[in-house]
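Student: Just to be clear, the model below is a prediction. Sequence and coordinates:
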Amino acid sequence: MTVTVEIPTEISDGTIAIRTHQPKDVHPYFEAARESIPEVSRHLPWLHQEYSIEEVRMWIEKTVPSLWVPHDIL
């Protein structure tokens, strides 16, 4: 038996919304990450001095969708 479950891209109670990362988030995420390099780069090896906007774009486009989908549905 196959069960199909639609996974929403946003969940909201009308006041607060949780949503997947979107392409429009690339620039704000990049700016926030670059601003944080001095404080957190020693704890986050991926956040280095050469961290690029392309790395953010790739993370949002390729990695994030797989994080939003459940791996096991009981």
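Tutor: All right, it came through fine. Residues are numbered from 1 along each chain as shown.

Student: Number of residues surrounding residue 33?
Tutor: Residue 33: 20 surrounding residues under other C-beta atoms under 10 Å. Any C-beta I mention is one placed from the backbone N, CA and C, and that applies to glycine too.

Student: so who does it touch?
Tutor: Residues in contact with residue 33 (C-beta atoms under 8 Å, 6 or more residues apart in numbering) are 47, 51, 56.

Student: Helix or strand next in line after the helix or strand where residue 37 lies, which one?
Tutor: Using DSSP states H and E, residue 37 sits in helix 26-40. Using DSSP H and E, the helix or strand that directly follows helix 26-40 along the chain is helix 53-58.

Student: what mean pLDDT does that next one have?
Tutor: Helix 53-58 comes out with an average pLDDT of 94.

Student: Over to stretch 5-20?
Tutor: Averaging pLDDT along stretch 5-20 yields 86.

Student: Return the distance of residue 44 relative to residue 21.
Tutor: Taking C-beta to C-beta, to the nearest Å as the measure, residue 44 falls 17 Å from residue 21.

Student: hmm, back to that, show me what counts as buried in the helix holding residue 37.
Tutor: Of all the residues in helix 26-40, those buried under the rule 16 or more other C-beta atoms under 10 Å are 26, 30, 33.

Student: From residue 48, how far out is the second one?
Tutor: Think residue 30. In terms of C-beta to C-beta, residue 30 sits 13 Å off from residue 48.

Student: do residue 22 as well
Tutor: For residue 22, the distance to residue 48 (C-beta to C-beta) stands at 25 Å.

Student: what do you get for residue 63?
Tutor: To residue 48, residue 63 is 17 Å away according to C-beta to C-beta.

Student: picking up where we left off before, what about residue 44 and residue 21, which has more around it?
Tutor: A count of neighbours by other C-beta under 10 Å puts residue 21 above the other of residue 44 and residue 21, at 18 against 13.

Student: My guess is the more buried one contacts residue 61. True?
Tutor: No: here residue 21 does not reach residue 61: they are 9.1 Å apart, not a contact under C-beta atoms under 8 Å.

Student: Between these two, which contacts overlap?
Tutor: Counting by C-beta under 8 Å, 6+ apart, residue 21 and residue 61 have no shared contacts at all.
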